[in-house]
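Novice: have a look at this prediction, sequence included:
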Amino acid sequence: MEFEKELESRIKYVEDVIRKYLPAEEGFQKSLLEAMNYSFLAGGKRLRPLLMLECCRMYGGDDRLVWPFMAAQEMIHTYSLVHDDLPAMDNDLYRRGKKTTHAVYGEAMAILAGDGLLNYAFETACGAFSMEGLSRQELERVCRAMKILTRKAGIYGMIGGQAVDVEAEKRKLRLDGEKLLFIHEHKTAALIQSAMMIGATLAGADEKAVRELERAGLAIGVAFQIQDDILDITGTLEELGKPVGSDEKNDKLTYVSVYGLEQSKRDVERLSKEALGILRDRPERNEFLEELVVSLITRRK
């Protein structure tokens with residue numbers, strides 16, 4: 001119960017921070033800005049900015065420096081969902097209990113909203129360079145954080161994983177374990193790794209510590225995606241806020257369809273222990289972060 005209260009409080013803090021970076025809905029492109037904000041404000045766990053914040057705090061960083069990156073990371077995650085829901089991709093009409101962006105604004109505007117969120121994410125993150133009072137050392141950290149953000153969101157990160165996933169689905173290719181793991185590591189885990197690495201980097205953590213968090217983020221991300229696949233079978237519309245069985249409806253190959261439900265549950269447990277082992281082995285401990293990881297991987301929604 002104490003963790004739940006603390007989680008609610010910290011999510012509210014994250015929400016208050018990232019909302020401040022949204023564009024004003026004005027001008028001739030107002031409809032685009034409305035669609036972007038609709039997508040961003042449709043709810044969600046705010047997992048990635050929260051992980052970023054907690055990793056920054058774990059290494060004694062200043063919240064202020066991480067704020068624009070928190071918003072940027074969530075914009076990138078949101079744009080990926082907007083595009084993922086499109087008719088050409090998963091063709092989902094509901095996300096987080098609400099109509100998806102293309103269902104409300106039309107397919108063309110949803111594509112542009114996703115494009116807008118991605119571009120605005122980098123514009124937002126770049127705002128960190130112009131923050132007052134930054135030392136040369138802090139500016140160098142911002143440079144490293146930008147490199148992580150762009151790499152993990154791009155063709156060698158999330159987009160790369162999405163491309164392999166789409167190709168396998170559309171061509172009805174049989175996925176082997178290696179290719180399926182590649183998809184999960186890149187499509188889902190890359191942004192979780194990004195959030196944790198950026199938080200630590202901006203706080204001044206050394207390269208070894210950042211690489212350890214990259215390893216933890218990989219385990220967390222893959223376990224998170226496997227749990228998502230499990231919930232698509234075992235969850236309910238009320239719990240998930242979207243139709244269950246959508247993966248099966250779309251004839252989508254998932255970890256569960258390849259390895260079975262029981263093996264998938266065992267792998268979630270194994271990966272959870274691996275991630276927690278890394279976090280608990282650090283000289284800098286963040287017990288809230290550890291509890292957060294457990295709650296995310298064992299979630300029911």
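Specialist: Ah, there it is.
Novice: now the helices for the stretch 151-300 of the chain?
Specialist: Using DSSP state H, counting those that start in this stretch, the helices of the stretch 151-300 of the chain run over residues 158-170, 177-183, 189-203, 207-234, 237-240, 246-249, 255-259, 261-280, 287-297.
Novice: return the most buried member of these.
Specialist: helix 189-203 (a mean of 29; mean count of other CB atoms under 10 Å). For every residue, glycine as well, the C-beta is placed using N, CA and C.
Novice: convert the C-alpha atoms of that helix to PDB, please.
Specialist: What follows is helix 189-203, C-alpha atoms only, in PDB (Å, rounded to 0.1, in the frame of the first residue of the first chain):
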ATOM      1  CA  ALA A 189      13.400  -2.700 -24.500                       C
ATOM      2  CA  ALA A 190      15.300   0.000 -26.400                       C
ATOM      3  CA  LEU A 191      13.300   2.800 -25.100                       C
ATOM      4  CA  ILE A 192      13.400   1.400 -21.500                       C
ATOM      5  CA  GLN A 193      17.200   1.200 -21.800                       C
ATOM      6  CA  SER A 194      17.200   4.700 -23.200                       C
ATOM      7  CA  ALA A 195      15.300   6.100 -20.300                       C
ATOM      8  CA  MET A 196      17.500   4.400 -17.600                       C
ATOM      9  CA  MET A 197      20.700   5.300 -19.400                       C
ATOM     10  CA  ILE A 198      19.800   8.900 -20.000                       C
ATOM     11  CA  GLY A 199      18.800   9.400 -16.300                       C
ATOM     12  CA  ALA A 200      22.100   8.000 -15.100                       C
ATOM     13  CA  THR A 201      24.100   9.900 -17.700                       C
ATOM     14  CA  LEU A 202      22.600  13.300 -16.900                       C
ATOM     15  CA  ALA A 203      23.300  12.600 -13.200                       C
END
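Novice: any idea how far Q193 is from E274?
Specialist: For Q193, the distance to E274 equals 14 Å [CB to CB, to the nearest Å].
Novice: list the contacts of the residue lying closest to Y21 once chain neighbours are set aside.
Specialist: Leaving aside its chain neighbours, Y21 sits nearest to A71 (3.7 Å; criterion: CB to CB, 6 or more residues apart in numbering). By CB atoms under 8 Å, 6 or more residues apart in numbering, A71 lies in contact with V17, I18, K20, Y21, P49, A121, T124.
Novice: mind listing what's buried in the helix or strand hosting A71?
Specialist: Assigned by DSSP states H and E, A71 belongs to helix 63-84. Buried residues in helix 63-84, counted by 16 or more other CB atoms under 10 Å: 65-84.
Novice: distance check, the residue nearest to S31 when sequence neighbours are not counted against L118.
Specialist: Closest residue in space to S31, ignoring its immediate chain neighbours: M109 at 6.4 Å, by CB to CB, 6+ apart. Distance of M109 to L118, given as CB to CB: 15 Å.
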